[in-house]
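Q: Any chance you could fold what I've pasted below:
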Amino acid sequence: MTGREVVGLIKKNVGVPWNERSYRDTFKLGNPDATVKGIATTVMVTFDMLKRANQAGLNMIVSHEDTFWNDRDETKDLTSNPLYKMKTDYILKNDMIIWRIHDHMHAMRPDYTVVGSLRSVGVKGGEDAVMRPRVYTIPETTLGEFASQVKRLTGSRAFRCVGDPKAKVSRILLGPGYATPRMTAEADVVIGGEQQEADGAFDDVEYVADGAFDDVEYVADAASLGMAKGLIMLGHVVSEQPGMEDLAKWMRTFIKDVPIQFVPAEEPFWT
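A: Just a heads-up that it's a prediction; the model follows:
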């Protein structure tokens, strides 16, 4: 099976019309017509992840995010960059194929990035979740206890919290990656991948239709007034990574001829 044939099977099974104009969901490097010995799914094509996939005999990488440090994977300004040269040389030397699935993954029903993220923090009931966020109810606990659960389950080293750790919470609103939901009256805790700390300038119109909003400042103000509001920022990799494990399981239902393995990217942050 070639890389192009693998992608053909994904397109056939994804369940939504394929947008050929997507600049994200394309081959990024390597020969699409080369033989695939094994497939690694991951959230981000880091050099460390590449090496672990290669050591496991997996030469096709199916990634949710970029390879060359920008959303379009533009490389025209990187040709003299030594890190770019080392990364591309490693990929080509080891006959690896890089392909990204982002836009169509978020269009799938369910969206595995949301399903996996909810599971990873211990919130049940999200098996059919999509990117449009909805409130999930958990047994009442404190924000601090819930944050401890998130840390234990995700293994994260560096996620951030806003709010009073003693506040009683039970209603969770989650959006992975840049799709951090806007805090609402119906939610006690918002969990997101990342968001600007001020100015509310980022508004991902693909997922959020209610305008830019500073959850960080809002929750800080709410805590000052004794309101039970909390915010947990997992980071982009930690929030979307579990979905790529789910994607690997989904791919195994229709790709039988080559091994498929989830190879996580490492969490980039530490404290």
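
Q: residues near the closest residue to residue 197 other than its chain neighbours, how many?
A: Nearest residue to residue 197, sequence neighbours excluded (Cβ to Cβ, 6 or more residues apart in numbering): residue 216, at 5.1 Å. (C-beta placed from N, C-alpha, C; glycine too.) By other Cβ atoms under 10 Å, 20 other residues sit near residue 216.

Q: got a list of what residue 271 touches?
A: By Cβ atoms under 8 Å, 6 or more residues apart in numbering, the residues touching residue 271 are 157-158.

Q: and if we set it to 10 Å?
A: Residue 271 sits next to 157-160 when contact means Cβ atoms under 10 Å, 6 or more residues apart in numbering.

Q: which ones among these are found in strands?
A: Among the contacts of residue 271, DSSP state E puts residue 160 in strands.

Q: of the contacts of residue 271, closest to residue 149?
A: residue 159 (11.8 Å; Cβ to Cβ).

Q: Wait, residue 164 touches residue 231, no?
A: No - applying Cβ atoms under 10 Å, one finds residue 164 not in contact with residue 231, separated by 11.4 Å.

Q: what is in contact with the two at once?
A: Shared contacts of residue 164 and residue 231, counting by Cβ under 10 Å, 6+ apart, come down to 143, 219, 222-223.

Q: Show me these that map onto helices.
A: The helices, defined by DSSP state H, take in 143, 219, 222-223 from the shared contacts of residue 164 and residue 231.

Q: Where do the helices of the protein begin and end?
A: When secondary structure is read from DSSP H, the chain shows helices at 3-13, 47-55, 82-93, 103-107, 112-120, 143-154, 215-224, 236-251.

Q: buried sites along the third one?
A: The reference is to helix 82-93. By 16 or more other Cβ atoms under 10 Å, the buried positions in helix 82-93 come out as 87-88, 91.

Q: tell me the centre residue of the chain?
A: Nearest to the geometric centre of the chain sits residue 240, at 2.1 Å (Cα atoms, centre = their mean).

Q: Just to check, that residue is in contact with residue 115?
A: No - checked against Cβ under 10 Å, the pair residue 240 and residue 115 is beyond contact range at 11.2 Å.
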